[in-house]
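>>> Sequence plus the predicted model coming up.
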Amino acid sequence: MPAPPALPHPVLPGEHRRPLHGTARSREIEARALAAEPPYTLMQRAGTAVARLALALAPHARSIWIAAGPGNNGGDGLEAAAQLARCGKSVQVWLLDDGARLPADARLALQHARDAGVRLSSALPSQPDGDLLIDALLGLGGNRPPAGAIAAAIGLLNAGAQPVLAIDLPSGLNADTGQVHGDSAVRATHTLSLLTLKPGLFTAAGRDHAGTVWMDRLGCNDAGAPDAWLNGSDDWLRTHPRRTHGQHKGSFGDVLVVGGAAGMRGAALLAAGAALQAGAGRVYLDLLDAPAGMTGDPALMLRPGRTLEDPAVWATSTVVCGCGGGAAVEAVLPAVLEHGARLVLDADALNAVARSPALQTGLLARAQRRQATILTPHPLEAARLLGSDVKAVQSDRLQAAHALSERWQCVTLLKGSGSLCSAPGRTSVINSSGNALLASAGTGDVLAGWIGGSWLQGALQASPLDAALNAAVASAWLHGRAADDAEARGVVTPLQAGQLASAMAASAASLRR
């Protein structure tokens, strides 16, 4: 195997799709890598990667404190300690039980640390003595709530103002779900993921606990079958080729937005505006409550009541239904489910389906007719569709998204930190972009409309189901990218939904430069 790179690579922002491997598959890849190399090779590479990253992140740190646990994660930390000490750093390691439970490779790392003059202690200090702290407590080995001295060490790592580098995984974080085991997990400034990237680093609480994620494959080229994918900018570029001179508005399809009940017209208008910005050829707006003489964006074609009056017009359209739909949307849903060629169900449309067995039958019938559907629930809407609760959905977001797509035989975009896109028979995709600047009213309506407007961009290159999945993945990424670009400009207050579609268009334009 080739030597590991001189410095690990940051994962986000990402250009290309990356495979994600949960605990079981990561262990399989690790076992094959260990079998292919002489003893201690992998741990030495891991320690080297950690030491190099530590020196790059904190080149002026005079002292480094490492909390080392009882397994191979602790061994990685000990080998890093030895190398950092040889580089002239003052290194102190807190070691659980004096290393009595360390496995063979980690015991060799312990000897290397002693030989390098690393100070070792089994007594937890009142506060860590270091300009940089390194979490080598549990890594992938943590599968239950931390307790005792391990929990106390996590508390110390989180209590100080120093930057924290976690090895492989912040201790106490579930590698598969991104949930915290019990009450505590390390809140790292940086995480160096080794051999594989873990799904839990990018969804649920993962982003908050992992900080900036770095990746080092330790010279191992064994990719293995992924449990999920992490998307990147090429997911958008791949499905949005440059337009040619001979194309016209009919090349990009029609979108019909159905929603906007009394007092909630704004949601439908946001969705329709986003569909236009996304590139739809024409956008029709069927408001469920349209006052006489209402005018709006002249680029939108107002068609109140068109949903029921003329289904032939929108049988070839992409329909976005539910934004601001209120209780009124339930009356039009049977026709929407039957006639919409491509359908995005959002907000109140999802709640109506969750309440109505008849609508559920209508939704399932779409898959039998090969009519593609995208559901865009937040966790509460997802719980209603699954007959579950929010806690259960959030406890394993990957599984919840998969269950929704299998249950309803359609694409699901489960919103939240690390939004998930799932489809029957496909590997789920975790969205790599976005931040809390999207936490404002109406941003979900913009996302639903944008999906509708961009759906046909790649429809000719894929099956109906894959085209739907591509639209969800690419739109979720661009939605988050607009927030990332705003954050990079120093924006600190939530983005207003009225400006979000324009911000997404600007982010898309920047990718073409």
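Ah, there it is. Numbering: from 1, shown residues only.
>>> Residue 432 reaches residue 16, doesn't it?
No: assessed by C-beta atoms under 8 Å, residue 432 is found out of contact with residue 16, at 10.4 Å. All C-beta spots, glycine's among them, are computed from the backbone N, C-alpha and C.
>>> And the average pLDDT for whatever helix or strand residue 466 lives in is what?
In this structure, residue 466 sits in helix 464-488 according to DSSP states H and E. For helix 464-488, mean pLDDT is 96.
>>> Can you list the residue ranges for helices in the stretch 401-513 of the chain?
Applying DSSP state H, counting those that start in this stretch to the stretch 401-513 of the chain gives helices spanning 443-454, 464-488, 497-512.
>>> distance of residue 417 from residue 394?
For residue 417, the distance to residue 394 equals 10 Å [C-beta to C-beta, to the nearest Å].
>>> Among the two, which residue is more densely surrounded?
Taking neighbours as other C-beta atoms under 10 Å, residue 417 and residue 394 compare with residue 394 leading, 21 against 18.
>>> The more buried one sits in which helix or strand?
Here residue 394 is assigned to helix 390-395, by DSSP H and E.
>>> Kindly provide the distance from residue 200 to residue 122.
29 Å.
>>> for residue 354, that is, sorry about that
Residue 354 sits 54 Å away from residue 122, going by C-beta to C-beta.
>>> Who has more neighbours out of these two?
Set side by side, residue 354 and residue 122 show more neighbours around residue 354, with 17 against 13, by other C-beta under 10 Å.
>>> Secondary structure element holding that one?
helix 348-355.
>>> Report the buried residues of the next helix or strand after that helix.
Once the chain leaves helix 348-355, the next helix or strand it forms, by DSSP H and E, is helix 357-368. Across helix 357-368, burial judged by 16 or more other C-beta atoms under 10 Å covers 359, 360, 362, 363, 366, 367.
>>> Residues that sit against both of residue 417 and residue 394, list them.
Residues touching both residue 417 and residue 394 by C-beta atoms under 8 Å, 6 or more residues apart in numbering: residue 204.
>>> lowest average confidence, helix or strand, in the chain?
Within the chain, no helix or strand scores below helix 306-309, which has a mean of 66 by mean pLDDT, DSSP states H and E.
>>> what residues does the very next helix or strand once past that helix touch?
Under the assignment DSSP H and E, the closest C-terminal helix or strand after helix 306-309 is helix 311-314. In this structure, residues lying in contact with helix 311-314 by C-beta under 8 Å, 6+ apart are 254, 256, 284, 306, 307, 335, 338, 339, 340, 341.
>>> Need the helices of the stretch 401-513 of the chain in TSV (columns: distance to residue 278 and mean neighbour count).
Formatted as TSV, the helices of the stretch 401-513 of the chain follow (distance: least, C-beta to C-beta, whole Å; neighbours: other C-beta atoms under 10 Å):
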stretch	distance to residue 278	mean neighbour count
helix 443-454	3	30
helix 464-488	8	24
helix 497-512	8	18
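>>> a markdown table for the ones you listed, including distance to residue 132?
What follows is the helices of the stretch 401-513 of the chain, written out as a markdown table (distance: least, C-beta to C-beta, whole Å):
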| stretch | distance to residue 132 |
| --- | --- |
| helix 443-454 | 37 |
| helix 464-488 | 25 |
| helix 497-512 | 34 |
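>>> Ok, which of the ones you listed comes nearest residue 140?
Among the helices of the stretch 401-513 of the chain, the nearest to residue 140 by C-beta to C-beta is helix 464-488 (27.0 Å).
>>> Show me what that closest one is packed against.
helix 233-239, strand 372-375, strand 411-414, strand 420-422, helix 443-454, helix 497-512 (3 or more C-beta pairs under 8 Å, 6 or more residues apart in numbering; DSSP states H and E).
>>> JSON lines for these, including mean pLDDT and distance to residue 66?
Shown next, in JSON lines, are these (pLDDT from 0 to 100; distance: least, C-beta to C-beta, whole Å):
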{"stretch": "helix 233-239", "mean pLDDT": "92", "distance to residue 66": "36"}
{"stretch": "strand 372-375", "mean pLDDT": "98", "distance to residue 66": "45"}
{"stretch": "strand 411-414", "mean pLDDT": "98", "distance to residue 66": "37"}
{"stretch": "strand 420-422", "mean pLDDT": "98", "distance to residue 66": "34"}
{"stretch": "helix 443-454", "mean pLDDT": "98", "distance to residue 66": "41"}
{"stretch": "helix 497-512", "mean pLDDT": "95", "distance to residue 66": "40"}
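>>> would you turn these into TSV with distance to residue 83?
TSV is the format used below for the helices and strands packed on helix 464-488 (distance: least, C-beta to C-beta, whole Å):
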stretch	distance to residue 83
helix 233-239	35
strand 372-375	49
strand 411-414	42
strand 420-422	38
helix 443-454	46
helix 497-512	39
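>>> who wins for proximity to residue 65 among these?
Between residue 65 and the helices and strands packed on helix 464-488, the shortest separation by C-beta to C-beta is 36.3 Å, and it involves strand 420-422.
>>> Could you verify my assumption that residue 197 touches residue 214?
No: here residue 197 does not reach residue 214: they are 10.0 Å apart, not a contact under C-beta under 8 Å.
>>> Now do the shared contacts for those two.
Common contacts of residue 197 and residue 214 (C-beta under 8 Å, 6+ apart): residue 11.
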